[in-house]
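Novice: Okay, predicted coordinates and the sequence, questions at the end:
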Amino acid sequence: MWENMTYENILNDMLSRVPSDVDKREGSIIYDALAPAALKLAEMYFQLQQFLDLVSGDTAVGEYLDRVVADYGITRKPATKAIRKIVTSGQVDIGTRWGIEETTYIITEKISDTEYKAECEQYGSIGNLYSGQLDNIDNVSGVTATLADIIVSGEDEETDDNLRARFFNQVRSTSTSGNIYDYKKWALEVPGVGNAKVFPLWNGPNTVKVLIVDSNMEVDETLEQTVYDHIETVRPIGAKVMVDSPSTLNIVIKAKVRLSSGYSIQAVQNAFIQSLEEYRQSVVFEDSYISYALIGKYLFEVDGVLDYSDLTLNEETANVTLGDEEIPTFSVKLEVM
C-alpha cells in the first residue's frame, strides 16, 4: 500500500481536493504551499516502510535481525579463531608469536618437542588460508617454524542469510524433547555450522546420526567434535549420537558455448562457476538430485553466452541423483562452439 505514497501521488491527491476555480498549476500559490508538505509526507511513508522491513524476520538485516531473532532465544554465531599446528626446528616457549601474510599466531600448547598448537590472533576464516614458513615475531633465536594443519577452523561471523535460515528453521519446525528438529537446531547452534541433516534410528533404537557442513555448505571435519560435544550437553539421556561429515559427489559439467563478441571462454567459465555456487549451496541436504535443466538455465544466463550445446553432467544428459549422505561439488569444462 505504502509503495504508492510517492511525492507525486500525494501532491496530486492534495491538489485534487482544492476547488477547481483555484489556480493549481506549478508555481501557483496553492501548489507551492502544498508541495513541501507532500514531500515531507512521502519521506515519512518511505521511513515507515523501511521501519517495517527492519522489524520483520524476512527483511531485517544486521543488528535489526539480531533483535528480531533474540525474541526467540537465537543469537548470531560470533566469529571464531583458527587453531593451527606449527612445526618448529626446536623447542619454543608457550606464548611466542609468529606471522605469515596478514595473520599472526600465538603458541598455546605443546604437542611434542617440535609441534605446537597455535591460535590465530585474527578472527574468522582468514586463519585457515595460509600455510608455509612463518616469520619470527618475537626473535626466538635459532628456531624456524612452519604453519601446518588446521586443527580447528576459524569461522567468520554468521551472515544474515544463515541467521535468517536458522531462525525460520526454528520457528517453523515442531521441536520436542530430542526429535529430528531438536538435533538439527543443536547442530546449527555451533559457530561455523551452515546446515545439518539428521538420521534417527540410524543404527538401531536410541541412535542418531547428524551430518554437518560449514557455513559455505562444504565439508569441514574439524567441526565434528565441537558439534558432538555441544549435542552431548543438551541431548536426552540414553541417546547415542554420531556426528559426521557427508561424502562429496563431484559432478563434471561439460558444454560447448557460442560467445558474444569480446568475451573469452575463461571469463565465461569463471562466471558460470560463480553462478553455480549459489545453486550448489541451496541443494545441500535439501534436494536429492542436481537438475540438468537448471544447470542449462544458469549457463544460458551467463553474460557472454549466446547459445550452448552438448551439455552433459557426468557424461549424461540427465539429472544426477545425490545419495542420502552426499553433497555435490562441481567441475566445469566449457569449449567454444
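Specialist: Perfect, thanks for sending it.
Novice: what's the residue nearest to G238 when sequence neighbours are not counted in contact with, if anything?
Specialist: Distances taken as C-beta to C-beta, 6 or more residues apart in numbering put N206 closest to G238, at 5.4 Å, once the chain neighbours are dropped. All C-beta atoms are positioned from the backbone trio N, CA, C, and that covers glycine. Applying C-beta atoms under 8 Å, 6 or more residues apart in numbering to N206 gives the contacts G238, A239, K240.
Novice: now A271
Specialist: Neighbours of A271 in contact, by C-beta under 8 Å, 6+ apart: V302, D303, G304.
Novice: By neighbour count, which of these wins?
Specialist: Using other C-beta atoms under 10 Å as the neighbour criterion, V302 leads the contacts of A271 with 21 neighbours.
Novice: what about Q274, neighbour count?
Specialist: 11.
Novice: Wasn't it part of a helix?
Specialist: Yes - using DSSP: H, G, I helix; E, B strand; the rest coil, the assignment for Q274 is a helix.
Novice: and the longest strand seen in the chain, what's its mean pLDDT?
Specialist: In the chain, taking DSSP state E as the definition, the longest strand is strand 247-259. Across strand 247-259, pLDDT averages out at 96.
Novice: and what of stretch 330-337?
Specialist: On average, stretch 330-337 scores 94.
Novice: and the lengthiest helix in the chain, what does it pack onto?
Specialist: Looking across the chain with DSSP state H, the single longest helix is helix 29-54. Packing partners of helix 29-54 (3 or more C-beta pairs under 8 Å, 6 or more residues apart in numbering; DSSP states H and E): helix 7-16.
Novice: so how far is the helix it packs on from its chain's centroid?
Specialist: In terms of C-alpha atoms, centre = their mean, to the nearest Å, the centre of helix 7-16 is set 44 Å apart from its chain centre.
Novice: What are the contacting residues of it?
Specialist: Outside helix 7-16, the residues touching it (C-beta under 8 Å, 6+ apart) are K24, I30, Y31, L34, A35, A37, A38, L39, L41, A42.
Novice: before we move on, back to that, tilt between the longest helix of the chain and helix 7-16?
Specialist: 140 degrees (axes from the mean of the first three to the mean of the last three C-alpha atoms, to 10 degrees).
Novice: by contact count, what packs against the following helix or strand past helix 29-54?
Specialist: The helix or strand immediately downstream of helix 29-54 is helix 62-70, counting by DSSP states H and E. Where contact means 3+ C-beta pairs under 8 Å, 6+ apart, helix 62-70 is packed against helix 160-172.
Novice: Next, the buried residues of the helix it packs on.
Specialist: N162, L163, R164, R166, F167, N169, Q170 (16 or more other C-beta atoms under 10 Å).
Novice: The residue nearest to the fourth one when sequence neighbours are not counted: how many residues sit nearby?
Specialist: Just to be clear, that refers to R166. When the adjacent residues along the chain are set aside, R166 lies closest to L188, with 5.1 Å between them (C-beta to C-beta, 6+ apart). As a burial measure, L188 scores 22 neighbours (other C-beta under 10 Å).
Novice: what are the ranges of the helices in this protein?
Specialist: Along the chain, the stretches classed as helices by DSSP H are 7-16, 29-54, 62-70, 160-172, 180-188, 224-234, 265-283, 292-300.
Novice: just the angle between the longest one and helix 62-70, please?
Specialist: If I follow you right, that is helix 29-54. 50 degrees.
Novice: got it, and the fifth one?
Specialist: Orientation note: helix 180-188 sits at an angle of 140 degrees relative to helix 62-70 (the same axes, to 10 degrees).
Novice: Pull helix 180-188 out as PDB, backbone CA atoms only.
Specialist: Only the C-alpha atoms of helix 180-188 are listed here, as PDB (Å, rounded to 0.1, in the frame of the first residue of the first chain):
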ATOM      1  CA  ILE A 180      14.800 -34.500  14.500                       C
ATOM      2  CA  TYR A 181      14.300 -30.800  14.700                       C
ATOM      3  CA  ASP A 182      16.000 -30.600  18.000                       C
ATOM      4  CA  TYR A 183      19.100 -32.300  16.800                       C
ATOM      5  CA  LYS A 184      19.300 -30.000  13.700                       C
ATOM      6  CA  LYS A 185      18.800 -27.000  15.900                       C
ATOM      7  CA  TRP A 186      21.500 -28.000  18.300                       C
ATOM      8  CA  ALA A 187      23.900 -28.600  15.500                       C
ATOM      9  CA  LEU A 188      23.200 -25.300  13.900                       C
END
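Novice: elements contacting that helix?
Specialist: Going by 3+ C-beta pairs under 8 Å, 6+ apart, helix 180-188 lies up against helix 160-172, strand 193-200, strand 207-214, helix 224-234.
Novice: for the first one, the distance to its chain's centre please.
Specialist: Same thing as helix 160-172. 12 Å.
Novice: ok, residues contacting that helix?
Specialist: 57-58, 61-62, 65-66, 68-69, 72, 74, 76-77, 158, 181, 184-185, 188, 194, 215.
Novice: before we move on, what about the last one?
Specialist: Taking C-beta under 8 Å, 6+ apart as the criterion, the residues outside helix 224-234 that touch it are 152, 183, 186-187, 189-190, 192-193, 196, 210, 212, 241-245.
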